[in-house]
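S.K.: Sequence and predicted structure below; questions after.
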Amino acid sequence: MTSGNALGEYLRLRRGQVRPEDVGLVPGPRRRVEGLRREELAALAGISADYYLRIEQGRNAHPSPQILDALARALRMDAASNAHLHQLARDDRPTYSGIEHVSDEVLTLIDQLAVPAFVAGRCLDCLASNRLARALSPNFAPGHNLLRQLFLDPAERQLHADWDDATAGVVAGLRQVAGGQATDPRLDVIVDELCASSPRFHMLWVKADVGYRRAGASHLHHPLVGELHLRRNRFPIPDSDGQHLQLYHALPGTDTADKLMLLAST
């Protein structure tokens with residue numbers, strides 16, 4: 001889940017990722033929980049066990065920034081995870097409502113691009129794409145949810161030779177969305193659905209990593225043109241309430257560049 005007691009749920013998940021020996025504690029022979037106990041985390045953060053319990057149970061949902069920083073240090077969080085923790089503790093996040101729309105300017109732009117390009121929304125719905133993106137994958141078409149397709153469509157598993165890296169990155173990015181400037185109830189629906197239907201998604205979601213997959217290489221096996229080694233870039237779209245533009249492109253003069261030209265001509 002991404003709403004309700006989102007702060008407490010995130011702390012619980014992160015607490016389960018830290019082994020006692022990682023933070024200088026002796027595990028002991030009778031541990032029945034994975035990761036840190038509540039009282040262990042409280043001691044590491046320098047707060048009382050009762051106070052921490054109230055935070056995790058949602059009875060003190062807005063602790064001070066100093067307390068959050070102490071918990072983040074105890075849980076060995078990186079900067080992105082720490083920022084996510086602080087965002088979840090805010091009490092003024094609005095709720096998104098309504099249908100997402102792509103601006104005419106962005107629609108015109110992606111149609112003019114000579115590389116595969118699509119626009120993804122907050123919950124990773126494909127909102128718009130150009131013809132070359134749809135040639136790369138029919139799931140890069142408006143109306144598809146990129147998360148559902150990536151985890152549940154066997155064709156996407158075949159397409160992405162780097163499927164493990166791709167799935168890890170997209171779920172960590174979804175965590176970042178969950179802690180964004182506003183909440184989105186639809187995100188809960190998608191997370192619950194995929195946790196129930198995809199063991200891989202469930203494992204990655206409870207791992208609770210935060211942050212989109214960095215720009216870099218994507219390795220694909222296309223059913224028509226074969227192996228593709230593409231570069232991948234993601235650009236947030238200003239004033240769009242969380243939409244981003246995704247581009248794939250090939251290095252000039254490579255076999256992949258020739259194959260993209262072939263796809264563009266089909």
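M.R.: Yep, it's here.

S.K.: only C-alpha atoms for contact and neighbour calcs from this point on.
M.R.: Will do.

S.K.: in the stretch 51-200 of the chain, which ranges drop under the pLDDT threshold?
M.R.: Residues of the stretch 51-200 of the chain meeting the criterion pLDDT under 70: 61, 91, 181.

S.K.: mind running it again at 90?
M.R.: Using pLDDT under 90 as the threshold, the predicted model of the stretch 51-200 of the chain has low-confidence ranges 58-62, 80, 87-99, 122, 173-188.

S.K.: Would you mind measuring from the spatially most central residue of the chain to Gln149?
M.R.: Residue closest to the average C-alpha location in the chain (C-alpha atoms, centre = their mean): Gly173, at 2.0 Å. With distances defined as C-alpha to C-alpha, to the nearest Å, the gap from Gly173 to Gln149 amounts to 16 Å.

S.K.: Please apply the same query to Asn139.
M.R.: The separation that Asn139 has from Gln149, given C-alpha to C-alpha, amounts to 7 Å.

S.K.: Just want to know which of the two has more residues nearby.
M.R.: Summary of the neighbour comparison: Asn139 and Gln149, criterion other C-alpha atoms under 10 Å, with Asn139 having more neighbours (20 against 15).

S.K.: The more buried one reaches Phe151, doesn't it?
M.R.: No. Proximity of Asn139 to Phe151 does not meet the contact threshold set by C-alpha atoms under 8 Å, at 11.9 Å.

S.K.: contacting residues around Asn82?
M.R.: If a contact means C-alpha atoms under 8 Å, 6 or more residues apart in numbering, then Asn82 has 68-69, 72 as its contacts.

S.K.: Looking at those, which are in helices?
M.R.: When DSSP state H defines the helices, the subset of those inside them is 68-69, 72.

S.K.: ok, and the most crowded of these?
M.R.: Ranking the ones in helices among the contacts of Asn82 using other C-alpha under 10 Å puts Ala72 first, with 21 neighbours.

S.K.: Excluding chain neighbours, give the residue nearest to that residue in space.
M.R.: Asn82 (5.8 Å; C-alpha to C-alpha, 6 or more residues apart in numbering).

S.K.: Could you pull up phi and psi at the one you found?
M.R.: Note on Asn82: its backbone torsions stand at phi -60, psi -50 [degrees, to the nearest 10].

S.K.: tell me, which strand in the chain spans the most residues?
M.R.: Scanning the chain for the longest strand, with DSSP state E as the assignment, gives strand 226-236.
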